[in-house]
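Asker: Everything below, folded, please.
(one chain, ligands or ions: 1)
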Amino acid sequence: MVKVHEEKAGEKKRESEPNCEQHRREVQARNDAVEYSSRGQWVSQNHTHRAMWVFCRGAPVWRAGHFLEKRKKGRTAFREQQDGFIVPQAIWKPPKAIRGGIPVCFPQFGNLGSLEQHGFARNRFWSLDNDPSPLPPANNQSSVDLILKSTEEDLKTWPRRFELRLRVSLSAGKLTLIPRVRNTDSRQFSFTFALRNYLSVSDISEVRIEGLETLDYFDNLMQSNQIKMRKERFTEQADAITFDGEIDRVYLSTPTKIAIIDHEKKRTFVLRKVGMPDAVVWNPWDKKAKALSDLGDEDYKTMLCVDSASVENTIALKPYEEWKGHQEISTVSSSYCSGQLDPSMVLYGFR
Ligand SMILES: O=P(O)(O)OC[C@H]1O[C@H](O)[C@H](O)[C@@H](O)[C@@H]1O
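Answerer: This is a model prediction of the structure:
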């Protein structure tokens, strides 16, 4: 297990037990560079000069373009280039989840159960997975395999034994996450799940989501009790989702591709997901941003969460069964010249 220490000015500390060393070397051999950063992330770089940072706590990740060049110029320049959003004043100390990247919500999404909000997985230290089989090795990709197993402590609040694996791979212009949950218990259990994608946008008022129009959704803002809320369905009437206030919705049974179009940046995120039929769209807007201690007052303007999720229907696993999901986020340049703002091009014109 890799223990990540909190950053103190200029200090880089880490502890790794011997069984992690081999995996670390293997990961290192597969990638151009893997290292610990000051906050205990794995930094993985590939020849395309893109990078992903995988935190062992809560396993969120994010990636950036032109990392190598920008790195020399310091953090601010680097942040401008990032695709994933991480809050500058994010709290790195457990038990608070890191606000940013792609936290894994398991075994519960939101308050849909008796556990802490969004489940405990995002607050735990994950280990490097020495045996990610039967997933084939990721070719021509930088990848890291992580695992989280139920602990005796977790069993007190959620008495089901499980193994949650996550493969994170980066290839040119594409970040792929493959989450897997195995029931290692002697009885069936079920869970809800989400990959909470914090996306970095230029200006939330200039962003549009295509692919969710006409769908039914649950509105978390309509009911304080989310369990009651699950029963009430609304239907999206807008041609596309745009933003002028707080939003917290679970769109149900969405298409596998969703496009998040950032007009100002002329960039489109294409989210492709399998095994996670729902999509959560969340932006806290100004009032809620002020109320969240780990979010700057203005941060809501440059972030948007669009999650791959399985919320309406729980995922049920019999003993020793495994569930596997798949998510890809790619970025494409969108401009009127290229025609890529045409919704059908965005959703169906790219592979
Ligand atoms: O602050 P977090 O625990 O990360 O949750 C962020 C948000 O996630 C969800 O979409 C919930 O419905 C919201 O009520 C919550 O504020």
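Asker: What ranges in the stretch 201-350 of the chain fall below the confidence cut-off?
Answerer: Scanning the stretch 201-350 of the chain for pLDDT under 70 picks out 223-230, 335-350.
Asker: can you list the residues of the stretch 51-200 of the chain near the ligand?
Answerer: Residues of the stretch 51-200 of the chain lying near the ligand by CB under 6 Å from any ligand atom: 97, 110, 117-118. The C-beta positions use only the backbone N, C-alpha and C, and glycine is treated the same way.
Asker: thought residue 169 was touching residue 176?
Answerer: Yes. Residue 169 is in contact with residue 176 according to CB atoms under 8 Å; the separation is 4.5 Å.
Asker: Which of the two has more residues huddled nearby?
Answerer: residue 169 (23 against 18; other CB atoms under 10 Å).
Asker: any idea how far that one lies from residue 215?
Answerer: 29 Å (CB to CB, to the nearest Å).
Asker: Quick check: residue 281 touching residue 211?
Answerer: No. The criterion here is CB under 8 Å, and residue 281 misses it with residue 211 at 10.9 Å.
Asker: In a helix, residue 301, correct?
Answerer: Yes. Secondary structure of residue 301 (DSSP: H, G, I helix; E, B strand; the rest coil): part of a helix.
Asker: got the residue ranges for the helices in the stretch 201-350 of the chain?
Answerer: All helices of the stretch 201-350 of the chain, identified by DSSP state H, counting those that start in this stretch, fall at 226-229, 285-291, 343-348.
Asker: how about the longest one: buried residues?
Answerer: I take that to be helix 285-291. 285, 289 (16 or more other CB atoms under 10 Å).
Asker: what about it, near the ligand?
Answerer: No. Figure legend: helix 285-291 not in contact with the ligand (CB under 6 Å from any ligand atom); closest approach 6.8 Å.
Asker: outside of that helix, which residues touch it?
Answerer: 245-247, 295-300 (CB atoms under 8 Å, 6 or more residues apart in numbering).
Asker: Can you tell me the closest non-neighbouring residue to residue 265?
Answerer: Sequence neighbours aside, residue 202 is the residue nearest to residue 265 in space, at 4.4 Å (criterion: CB to CB, 6 or more residues apart in numbering).
Asker: ok, that neighbour to residue 99 distance?
Answerer: The value you get for residue 202 to residue 99, if CB to CB is used, is 19 Å.
Asker: Of those two, which one has the most company?
Answerer: Neighbours per residue (other CB under 10 Å) separate residue 202 from residue 99, with residue 99 holding more: 22 against 16.
Asker: got the contact list for residue 324?
Answerer: So residue 324 contacts 178-180, 275 (CB under 8 Å, 6+ apart).
Asker: go again using 6 Å as the cut-off
Answerer: By CB atoms under 6 Å, 6 or more residues apart in numbering, the contact list for residue 324 reads residue 180.
Asker: wait, residue 202 sits on residue 263?
Answerer: No. Between residue 202 and residue 263 there is no contact under CB atoms under 6 Å: 8.1 Å.
Asker: which residues of the stretch 51-200 of the chain score low on pLDDT?
Answerer: In the stretch 51-200 of the chain, residues with pLDDT under 70: 51-53, 56-59, 62-82, 86-95, 138-141.
Asker: at 50 instead, please
Answerer: By pLDDT under 50, the weakly predicted segments of the stretch 51-200 of the chain are 64-80.
Asker: I'd say residue 220 and residue 246 touch.
Answerer: No. If you go by CB under 6 Å, residue 220 and residue 246 don't touch, sitting 9.7 Å apart.
Asker: Those two: who's more crowded?
Answerer: Neighbour tally, residue 220 and residue 246, criterion other CB under 10 Å: the higher count belongs to residue 220, 19 against 16.
Asker: now that one: how far from the ligand?
Answerer: According to CB to the nearest ligand atom, to the nearest Å, residue 220 stands 4 Å off from the ligand.
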